[in-house]
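In: A structural model of the following input is requested.
(one chain, ligands or ions: 2)
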Amino acid sequence: MNRIEQAAALLDDAARERREVDPYPADAFTLAQAYEIQRASIRRRIDRGERMKGVKLGFTSRAKMIQMGVDSLIWGLLTDAMIEEDGGIVDLARYIHPRVEPELCFVTRRDIDAPLTALEAADHLEAVAPAMEIIDSRYRDFKFSLQAVVADNCSSAGLVVGAWSRDFSGLANAGVRMQFDGRDVQIGSTAAILGHPLRSVVQASRLLNAAGMSLPAGSLIMAGAAAAAEPLRPGLHVQCQIGGEASGLGRVAFNVR
Ligand code: OOG
Ligand code: MG
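Out: Residues are numbered from 1 along each chain as shown. Ligands and ions are numbered 1, 2, ... in the order given. This next block holds a predicted model:
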């Protein structure tokens, strides 16, 4: 096993065994090598039978960059095993020290195989849904450098996606409200996501292209958190609402066990 494969195995094993590992020193790998580690760790999941579902963007909002002390856009890969059910139960035994953050999820209707403009991006989308991402760094105390978090598939662990809507008209500046047991824990706006969440799709298309990859129609794109992440604990009812009661995208929720 070379160094890339070794790092991928370490992170993949840590995720499966739900244990923290120490991050590599920031200069142990280049950013390009960190993405190679990420892909090698996903290959291990695919070899075990998981299926590719799409991509996620990270650090698309200032709130997240400030919370984690990392200030570059990053991206990771999603598999079917990460999907938790809307309205279902999230079992903390599957995670190490999970946090939840409010997001939007897109599903594509055409293959993305070239860098897209914002207008073209809209044309490649089938629907949008309110979503939450459950991030779960494999690193001790959830602390990492840019290279380390990229190698760790950008802390990807779980995602919960609400009902799909084909109405993209309210996306520019919709209210985002995440609640624990009916109390607000994060309030924000979809405008916090790169100024407009469609820009996450534009960025995804560029990053995929630069990596020599494409995304088949029917893939998910998690746009990145609109606000900071909150730690999960047993017994919580977690809900995220995007936009107003009548005209918004609606809500997505889960209970924590
Ligand atoms: C890295 C993942 C960031 C987002 O939406 O900004 C991310 C982390 O915060 O652990 O998923
Ligand atoms: Mg996220």
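
In: strands of the stretch 51-200 of the chain, start to end?
Out: Counting by DSSP state E, counting those that start in this stretch, the stretch 51-200 of the chain has strands at residues 52-58, 74-79, 83-84, 89-90, 99-108, 125-135, 156-161, 175-180, 183-189.

In: for the ones you listed, which one sits closest to ligand 2?
Out: strand 125-135 (3.9 Å; C-beta to the ion). (Glycine included, C-beta is placed from N, CA and C.)

In: Asp181 versus the residue lying closest to Ala223 once chain neighbours are set aside, what's the distance?
Out: Closest residue to Ala223 apart from its sequence neighbours, by C-beta to C-beta, 6 or more residues apart in numbering: Ser200 at 3.9 Å. For Ser200, the distance to Asp181 (C-beta to C-beta, to the nearest Å) stands at 29 Å.

In: the two - which one has more neighbours?
Out: Ser200 (25 against 10; other C-beta atoms under 10 Å).

In: need the contact list for that one.
Out: Leu57, Thr60, Phe106, Ile193, Leu194, Ile221, Ala223, Gly224 (C-beta atoms under 8 Å, 6 or more residues apart in numbering).

In: using PDB, write out every CA atom in stretch 188-195.
Out: Only the C-alpha atoms of stretch 188-195 are listed here, as PDB (Å, rounded to 0.1, in the frame of the first residue of the first chain):
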ATOM      1  CA  GLY A 188     -29.900  32.300   8.300                       C
ATOM      2  CA  SER A 189     -30.600  32.800   4.700                       C
ATOM      3  CA  THR A 190     -29.900  30.800   1.500                       C
ATOM      4  CA  ALA A 191     -28.100  33.900   0.300                       C
ATOM      5  CA  ALA A 192     -25.300  32.900   2.800                       C
ATOM      6  CA  ILE A 193     -24.500  30.000   0.400                       C
ATOM      7  CA  LEU A 194     -22.100  31.800  -2.100                       C
ATOM      8  CA  GLY A 195     -24.600  34.600  -2.400                       C
END
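
In: list the buried residues for that stretch?
Out: Within stretch 188-195, the residues scored as buried using 16 or more other C-beta atoms under 10 Å are Gly188, Thr190, Ala191, Ala192, Ile193, Leu194.

In: between those, which is closest to ligand 2?
Out: Set against ligand 2, the nearest of those by C-beta to the ion is Ile193 (10.1 Å).

In: out of the contacts of Ser200, which touch ligand 1?
Out: The subset of these lying close to ligand 1, counting by C-beta under 6 Å from any ligand atom, consists of Thr60, Gly224.

In: could the contacts of Ser200 go into CSV alongside pLDDT and distance to ligand 2?
Out: What follows is the contacts of Ser200, written out as CSV (pLDDT from 0 to 100; distance: C-beta to the ion, whole Å):
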residue, pLDDT, distance to ligand 2
Leu57, 98, 7
Thr60, 97, 8
Phe106, 98, 14
Ile193, 97, 10
Leu194, 97, 13
Ile221, 98, 12
Ala223, 98, 8
Gly224, 98, 5
